[in-house]
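Chemist: Got a predicted structure here, sequence first:
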Amino acid sequence: MTVRTKGIRRAGSVEELGASWQRAFPAKKQVPIEKVEGNTVYAQIHTPCPLRGTGDVDACYRMMEFDREVLRRAGGQFVVLDSQSEPGRTWCRVAMRLDGESVEDLVQAHRKQLNSREG
């Protein structure tokens, strides 16, 4: 529904991808674009999250399906790099890339915790 009502269409560039994602939210100031670097848009999410400080990054991964779906519709991919669910964090840091671009170098927040448990 949001995708249709907010006019989210396939992005033609990585810059358009970030702008499309921002349109899914009521206020851009809650989801500022940090920078566009090469093939990646880096952004923040300042909307208060019910998982803040819980340490449950797996639940965060599941909750962010909305954002991943918005990016899929816009022709992109969405990765949470740092999550509000991590103790001490008050905002999320995310990255976006166009479809077809590798995201292997972007370490997802829920994978970081898994790697630290295994290591």
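Modeler: Arrived safely, thanks for sending. Numbering: from 1, shown residues only.
Chemist: Mind listing what's buried along stretch 44-62?
Modeler: Residues of stretch 44-62 classed as buried: 45, 49, 51-52, 56-57, 59-61 (neighbour count, 16 or more other C-beta atoms under 10 Å). Backbone N, C-alpha and C define where each C-beta goes, glycine included.
Chemist: Tell me the one among the residues you listed nearest to Trp91.
Modeler: Distances from Trp91 to the buried residues of stretch 44-62, taken as C-beta to C-beta, are shortest for Ile45 (6.1 Å).
Chemist: thinking again about what came up before, among the buried residues of stretch 44-62, which are in strands?
Modeler: Of those, the ones assigned to strands by DSSP state E are Ile45.
Chemist: now Gln44: how far from Met96?
Modeler: Applying C-beta to C-beta, to the nearest Å, the value for Gln44 to Met96 is 12 Å.
Chemist: Just after the worst-scoring helix or strand of the chain on mean pLDDT, pick out the following helix or strand.
Modeler: Of the helices and strands making up the chain, the lowest-confidence element is helix 2-5, at a mean of 48, by mean pLDDT, DSSP states H and E. From helix 2-5 onward toward the C-terminus, using DSSP states H and E, the following helix or strand is helix 14-23.
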